[in-house]
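[1] coords below, sequence missing:
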Ligand SMILES: *Cc1c(COP(=O)(O)O)cnc(C)c1O
């Protein structure tokens, strides 16, 4: 059997007619940039998320950059991000001349550790960028309360968590990316809501920030050819919006399929203490962008090789925490500073996770893993 990490082709087959018709409509109307399908998708997503403003942009990295540009920071201002994440989160901070201050994560949830955030706050700290890693929201109750206490902006990196919901202590349930001042997501093809190229979006309930970010994403322009601020060119195109309009209608079903696969994995892998299955955090639903195991006393290279030989891909997200990346070498940090992230980078392994996994494939994947452990 040949298994894929992400099976976009089988997913497309089921919605092919609708997607193709949407794309054809864009071609027929030639509204390739702005208007048309982009407006429709924007409204649909605002309704789905229950958020006041969605600003479609070119990709998730741009979304993060535009968000940081909108909150009026000065060079040298500090932005706190977890060290165990995809590089984009810190990259945009560095690009804007801000100082990325990385902090450790919780071993159980992979998400930013509140204790580490508190320790990293200085008079120069202006924002926290929590990442809802692998599809599960970080402890937003705690993060929002720290942000309030220290008067910090919160920009959620919801690139892996669209559709996940967080329940606050008062019972209020909010969609991922809609809890902080600003939320950012990516529509990269393999993300939970993926298009057929690059795409991203910014969410906010703040009218003023929304207007600013709309302008920044379009050359700092509100009235055509009058530029109020220095901006960028970052737009979602209409063909991508046509794909997303169709796929958004299936997002809940896609999340349910991922959850079902994760449940299957959990049931098998919970039987051995050599594997630690993903912790389900009670306050957040999990949309399983990735299904990530922690290995305990297992030779990771050996297991990945064994799986590859059986046609089962497995990946390491992420092998090197940010503070140990070559491009981010900084006299402030050294190996050993963030022991949890460093330990995770050595013991995590992600298995195939997508909307089209069936029982036969799951049985094959799980038995291939167990076979290695039993030897
Ligand atoms: C994918 C991803 C991004 C970047 O999104 P792009 O659309 O690829 O630019 C940022 N942060 C996280 C956590 C991601 O997973």
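    Sure thing, it's come through. No experiment lies behind these values; they were computed from the predicted model shown.
[2] And the helix or strand of the chain at the bottom of the mean pLDDT ranking, what's buried?
    Least confident helix or strand of the chain, by mean pLDDT, DSSP states H and E, is helix 88-95 with a mean of 93. Residues of helix 88-95 classed as buried by neighbour count (16 or more other Cβ atoms under 10 Å): 88-94. C-betas here are computed from N, CA, C, even on glycine.
[3] do the same with stretch 242-260
    For stretch 242-260, burial by neighbour count (16+ other Cβ under 10 Å) applies to 242-248, 250-251, 254-255, 257-260.
[4] Please, where are all the strands along the chain?
    Ranges of strands in the chain, per DSSP state E, are 53-57, 78-82, 99-103, 125-128, 153-157, 165-167, 173-175, 182-186, 200-204, 275-276, 291-295, 348-351.
[5] Can you tell me which residue of the protein sits closest to the ligand?
    Among all residues of the chain, residue 60 sits closest to the ligand, at 2.5 Å; criterion: Cβ to the nearest ligand atom.
[6] The closest residue to that residue other than its chain neighbours - how many residues pack around it?
    Take residue 60 and drop its neighbours on the chain: the residue closest to it by Cβ to Cβ, 6 or more residues apart in numbering is residue 186, 2.6 Å away. When neighbours are defined as other Cβ atoms under 10 Å, residue 186 has 29 of them.
[7] Which residues are in contact with residue 186?
    Residue 186 sits next to 59-61, 63, 159, 199-200 when contact means Cβ atoms under 8 Å, 6 or more residues apart in numbering.
[8] pLDDT score for it?
    Note for residue 186: predicted pLDDT of 98.
[9] Next, see if the least confident helix or strand of the chain gets close to the ligand.
    Yes: against the ligand, helix 88-95 shows contacts by Cβ under 6 Å from any ligand atom at 88-89.
[10] could you check the angle strand 99-103 makes with that helix?
    150 degrees (axes from the mean of the first three to the mean of the last three Cα atoms, to 10 degrees).
[11] what does helix 88-95 rub up against?
    Applying Cβ under 8 Å, 6+ apart, the contact partners of helix 88-95 are 60-61, 64-65, 68, 79, 81-82, 99-100, 102, 129, 131, 157, 159, 322, 328.
[12] on that earlier part again, ok, and the most crowded of the contacts of residue 186?
    The member of the contacts of residue 186 surrounded by the most neighbours (other Cβ under 10 Å) is residue 63, with 34 neighbours in all.
[13] ok, now which ones touch the nearest residue to that one once chain neighbours are set aside?
    For residue 63, ignoring the flanking residues on the chain, the nearest one in space by Cβ to Cβ, 6+ apart is residue 184 at 3.7 Å. Residues in contact with residue 184 (Cβ under 8 Å, 6+ apart) are 60, 63-64, 67, 155-159, 177, 200-203.
[14] which one of those residues is nearest residue 335?
    Residue 335 has its nearest neighbour among these in residue 157, at 24.5 Å by Cβ to Cβ.
[15] residue contacts, that closest one?
    Contacts for residue 157 (Cβ under 8 Å, 6+ apart) come out as 60, 64, 81, 85, 88-89, 129-132, 184.
[16] Closest one of these to residue 144?
    The closest of the contacts of residue 157 to residue 144 turns out to be residue 130 (Cβ to Cβ; 9.8 Å).
[17] Can you report how many residues neighbour that closest one?
    The number of residues near residue 130, taken as other Cβ under 10 Å, comes to 29.
[18] Just the pLDDT at it, thanks.
    Looking at residue 130, its pLDDT stands at 98.
[19] cool, the one 10 residues further on as well?
    The score at residue 140 is 98. That number is its pLDDT.
[20] isn't it right up against residue 178?
    No: using Cβ atoms under 8 Å, residue 140 is not in contact with residue 178; the gap is 10.0 Å.
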